[in-house]
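Engineer: next input, structure requested:
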Amino acid sequence: MKVGVAGTGMLGAAVARRLLDRGAEVSVWNRTRGKAEALAAAGARVAPTPGGAAAGCDAVITCVRDGAAVREVAFGAGGIALGPDRPAVCDMSTITPEESRRVSAGYAARGFDALAAPVMGGPDAAAEGRLVVMASGSAGAFKRCGGALEAVADRIFYLGGAAGAAHSVKLAMNLQIAALALSLSEGIALARGASVDPKSFLEVLNATYFGTGMSRKKAYRMIEGRFEPTFTLGNLGKDLRAATETARSLGLELPLCSLAEGVYARAEEGGLGGLDYTGILRHVEGLGREPPRGAG
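Structural biologist: Have a look, this model is predicted:
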């Protein structure tokens, strides 16, 4: 199996390492070359362009920040679609469904099989082959990318041929993440404000139907003020904006999404964008100590 990975940030790098561990031949590219070169010691070939990472591969995975970056990697100078080879393309980036449809159509017009395959789970899950994949788009690409996806995931949901379907579900999932992180943050803040050990709050919560993976794991790091990023607050804020945009395009109003978007935007404005998304606790706990907007 020969796989290219274009975009070796936290998730892309973990995907590349997992593929290498499973015996794949892997070529990598990243806009900041040093992040790609860090994978050379593990056996990856570092390419000068996204198209170079795709050259000679059975499949190429793209994993970049937003729709503009996906289009640049695909169709910009040195892009995947400009190369002579026709690997199956698997996009793991989180973008809007409309952006996904446009990218897939652009690939199809150039003779490529393209698959939208955003994931849940983050770098640690990728490293252990535990990602959850939501895939939609070309059935041919889904088949051709199967080996790579099976190497990094333990659950794969193929949602059919509509390119935007996977990203619709992905945005719906990231809304759940934001809501849970905010709910936990406010619960922790309320317990602390009442001079109750927030671990007691978590113990009670986790003894009930309402406990979650986040409340059983990340919440304890939140209490300790540990916000080393696996998925940044800034990136989740970007995805909430994408969810709001998508809802509006469908004639929908999502009140909770809009509220969460605003809270995350203010946290990012306050300099917290580089923290893990659970760093929203720091913003929530600081709200009562901040002067009202416009005061003074």
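
Engineer: going forward, measure contacts between C-alpha atoms and count neighbours the same way
Structural biologist: Will do.

Engineer: and the pLDDT at Ala219?
Structural biologist: On the pLDDT scale, Ala219 is placed at 98.

Engineer: no wait, Gly288
Structural biologist: On the pLDDT scale, Gly288 is placed at 70.

Engineer: the bottom helix or strand of the chain by mean pLDDT?
Structural biologist: Sorting the helices and strands of the chain by mean pLDDT, DSSP states H and E puts helix 33-37 at the bottom, at a mean of 93.

Engineer: what about Lys217, how many residues close to it?
Structural biologist: 10 (other C-alpha atoms under 10 Å).

Engineer: where exactly do the strands run in the stretch 1-150 of the chain?
Structural biologist: Counting by DSSP state E, counting those that start in this stretch, one finds strands in the stretch 1-150 of the chain at the ranges 2-6, 25-29, 45-46, 59-62, 88-91, 114-116, 119-120, 131-137.

Engineer: list of residues touching the fifth one?
Structural biologist: With C-alpha atoms under 8 Å, 6 or more residues apart in numbering as the contact definition, strand 88-91 has outside contacts at 58-63, 112-118, 141, 144-145.

Engineer: and Ala6, how far from Ser136?
Structural biologist: Note on Ala6: its distance to Ser136, by C-alpha to C-alpha, to the nearest Å, is 19 Å.

Engineer: which one's more surrounded, those two?
Structural biologist: More crowded of Ala6 and Ser136, by other C-alpha under 10 Å: Ala6, with 33 against 26.

Engineer: my read: that one touches Ala47, true?
Structural biologist: No. Contact between Ala6 and Ala47 fails when scored by C-alpha atoms under 8 Å: they sit 9.2 Å apart.

Engineer: any idea how many residues pack against the spatially closest residue to Arg155 that is not a sequence neighbour?
Structural biologist: Excluding the flanking residues, the one nearest Arg155 by C-alpha to C-alpha, 6 or more residues apart in numbering is Val132, at 4.8 Å. Val132: 21 surrounding residues under other C-alpha under 10 Å.

Engineer: beta partners for Val132?
Structural biologist: Residues in a beta bridge with Val132, per DSSP bridges, are Met120, Arg155.

Engineer: OK, contacts around it?
Structural biologist: Here Val132 is in contact with 119-121, 153-157 (C-alpha under 8 Å, 6+ apart).
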